[in-house]
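Peer 1: The following block contains a protein sequence and its predicted model.
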Amino acid sequence: LTPREPIPTYETLPLRIETARLVLRPWELGDVDAIWSTVSDPTFPIHMTWAAHTDRAQTVAFVELHQRLLAEQKSIGWAITRDGVVVGCISLDGIRWTMNAARVDQANLGFWTARDHWRQGYMTEAVEAVLGFAFGPLGLHKVYVAHVEGNEGSRRVIEKVGFRPVGRLEEEHYRDGRWWSGMRYELTAGEHLDSSRTMRINTRRQP
Ligand SMILES: CC(C)(COP(=O)(O)OP(=O)(O)OC[C@H]1O[C@@H](n2cnc3c(N)ncnc32)[C@H](O)[C@@H]1OP(=O)(O)O)[C@@H](O)C(=O)NCCC(=O)NCCS
């Protein structure tokens, strides 16, 4: 698999992604009220690096940041919706195509599901869709992801969709009075293609 040419302009890509149950679409300022109860819950982001919002202006800034990063070709963030209701957030962050004279074509995957909607398979479904987009229309070569130790939900999602473990991240960030270690994983375009083929074969073979 050779690097994609030319490097795409993200707004020209099919950013609205439909799955069996979900619609993923870029963030809108109208989403602020819908996500406020999630992003302002002090217990919600403990396994991530951001602080719970204490003012709606921070949530507006969150949506505006996603919109700016998309316009600047730096990351793509989606609201995950079900029947028009926002149930979560997923993003390809730090999209990088070049490093000096080399092509790298990679991005970091980040996500959360609003607590009321946990354990309904939504994040697994959304991650599979975003990986299809990342290795399809976007044309990345690698997606990586990490979770902190103890985040069993995230670990399960990451393992279910086929990421390959890279190794342990020792004391990766400091928050709430302690250093957090974690696990890092990655998936290449070729590995994704192989796993999609295997899944299709397995699906066909099911009685
Ligand atoms: C991690 C998170 C995104 C999972 O979202 P979700 O929509 O509930 O995930 P799914 O329903 O697709 O679950 C996928 C699998 O994980 C399992 N799972 C989900 N939450 C779990 C938990 N807290 N503990 C153990 N397993 C969990 C599900 O049972 C399912 O496994 P199964 O198919 O074998 O039954 C959600 O819990 C969350 O947003 N947490 C807070 C934010 C966060 O940690 N984000 C990730 C940062 S790396």
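Peer 2: Done, it's in. Everything numeric here is computed off the predicted structure, so don't read it as measured data. Residues are numbered from 1 along each chain as shown.
Peer 1: out of all of them, which strand in the chain is the longest?
Peer 2: With secondary structure taken from DSSP state E, the chain has its longest strand at strand 85-99.
Peer 1: after it, next one along is what?
Peer 2: Per DSSP states H and E, strand 85-99 leads on to strand 102-113 as the next helix or strand towards the C-terminus.
Peer 1: just the angle between the helix or strand just after that following strand and strand 85-99, please?
Peer 2: Elements were assigned by DSSP H and E; along the chain past strand 102-113, the next helix or strand is helix 122-135. Here the directions of helix 122-135 and strand 85-99 differ by 30 degrees (axes from the mean of the first three to the mean of the last three Cα atoms, to 10 degrees).
Peer 1: Is helix 122-135 positioned near the ligand?
Peer 2: Yes. Legend: contact between helix 122-135 and the ligand by Cβ under 6 Å from any ligand atom is shown at Y122, M123, T124. Yep, even glycine has a C-beta here, placed from its N, CA and C like the rest.
Peer 1: Just confirm the second one contacts F111, I think it does.
Peer 2: Yes. Contact between M123 and F111 holds when scored by Cβ atoms under 8 Å: they sit 5.7 Å apart.
Peer 1: Tell me which of those two has more neighbours.
Peer 2: M123 (27 against 20; other Cβ atoms under 10 Å).
Peer 1: List the residues that contact that one.
Peer 2: Taking Cβ atoms under 8 Å, 6 or more residues apart in numbering, we find M123 in contact with I80, G88, I90, F111, T113, G153, V157.
Peer 1: So which of those would count as near the ligand as well?
Peer 2: Answer for these near the ligand (Cβ under 6 Å from any ligand atom): F111, T113, G153, V157.
Peer 1: Mind putting those into a markdown table with pLDDT?
Peer 2: Shown next, in a markdown table, are these (pLDDT from 0 to 100):
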| residue | pLDDT |
| --- | --- |
| F111 | 98 |
| T113 | 98 |
| G153 | 98 |
| V157 | 98 |
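Peer 1: Next, format those as a markdown table and append distance to W36.
Peer 2: Listed next are these as a markdown table, based on distance: Cβ to Cβ, whole Å:
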| residue | distance to W36 |
| --- | --- |
| F111 | 19 |
| T113 | 16 |
| G153 | 22 |
| V157 | 24 |
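Peer 1: Can you mark which positions in the longest strand of the chain are buried?
Peer 2: By neighbour count on 16 or more other Cβ atoms under 10 Å, the buried set for strand 85-99 is V86, V87, G88, C89, I90, S91, L92, I95, W97.
Peer 1: Tell me how far the residue of the chain found nearest the ligand lies from L22.
Peer 2: Per Cβ to the nearest ligand atom, the residue of the chain with the smallest distance to the ligand is G153, at 2.8 Å. Using Cβ to Cβ, to the nearest Å, G153 is found at 17 Å from L22.
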